[in-house]
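# Pasted the sequence and its predicted model underneath.
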Amino acid sequence: MRAILFLALVGCNAAVETPADAPADASETPTTAEPAPTVPDGMEEVALFGGRTGNATRHHEPAEGTIEHAILKSLELIAAGDHDGWMTAYCHEDACGDERMQESMKSHVLPAAQGAMASCTHDGDLLVTKQEEENGFTKTWIYCGASRMPAPSTAENVDGEWRFSSISW
């Protein structure tokens with residue numbers, strides 16, 4: 001038994017031969033990163049919170065003027081910490097109509113949404129799980145991963161620009 005254990009220990013310390021053309025250090029190994037494949041727009045299945053599955057519509061580079069484009073640009077501004085820029089470009093009067101509302105948006109809502117870019121975009125794309133229209137407002141739920149429910153936002157198109165009255169990213 002001791003002989004087997006001895007051989008096992010000796011075998012673990014045996015030198016491993018490497019080919020003559022192999023780099024001496026793994027950091028010298030050239031890497032060729034292939035670009036991530038572009039997933040086409042369209043319906044796809046997603047894993048939802050609680051182990052369920054559902055469908056989402058992928059939006060890759062949505063056209064300007066669409067709610068999906070406004071959501072992606074909003075996420076980019078918020079992730080970059082440009083809260084004033086987001087409020088100027090995207091905040092609805094219902095959410096930013098006075099100084100108190102603006103301070104609340106800057107101190108609570110936007111910082112909470114700041115990390116959403118990492119979980120709510122997928123290879124730079126947006127996955128929309130549901131969309132509803134009511135009284136001129138569009139409520140859009142986006143997929144932010146299986147660890148949470150799809151995140152809603154409500155926006156109104158005001159003079160050709162999307163303005164968000166609420167976000168839960």
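Received the coordinates, thanks.

# Next, find the distance separating Glu133 from Ala155.
To Ala155, Glu133 is 11 Å away according to CB to CB, to the nearest Å. The C-beta positions use only the backbone N, C-alpha and C, and glycine is treated the same way.

# And the helices in this structure, which stretches?
Along the chain, counting by DSSP state H, helices occupy 2-12, 67-79, 83-90, 93-96, 99-104, 110-113, 116-120.

# before we move on, back to that, in terms of neighbours, single out the busier of Glu133 and Ala155.
Ala155 (22 against 9; other CB atoms under 10 Å).

# if you compare the helices of the chain, which one is most tucked away?
Each of the helices of the chain was scored by mean neighbour count; the highest is helix 67-79, a mean of 21, by mean count of other CB atoms under 10 Å.

# and that helix, what other elements does it pack with?
Using 3 or more CB pairs under 8 Å, 6 or more residues apart in numbering; DSSP states H and E, the elements in contact with helix 67-79 are helix 83-90, helix 110-113, helix 116-120, strand 126-134, strand 137-142, strand 151-158, strand 161-167.

# which other residues reach the fourth one?
For strand 126-134, the surrounding residues in contact (CB atoms under 8 Å, 6 or more residues apart in numbering) are 44, 46, 54-59, 62, 67-68, 71-72, 120, 138-143, 150.

# change it to 10 Å
Contacts to strand 126-134, defined as CB atoms under 10 Å, 6 or more residues apart in numbering, come from residues 39, 44, 46, 48, 54-62, 67-69, 71-72, 75, 120-121, 138-145, 149-152, 154.

# Please consider this matter closed, and thank you.
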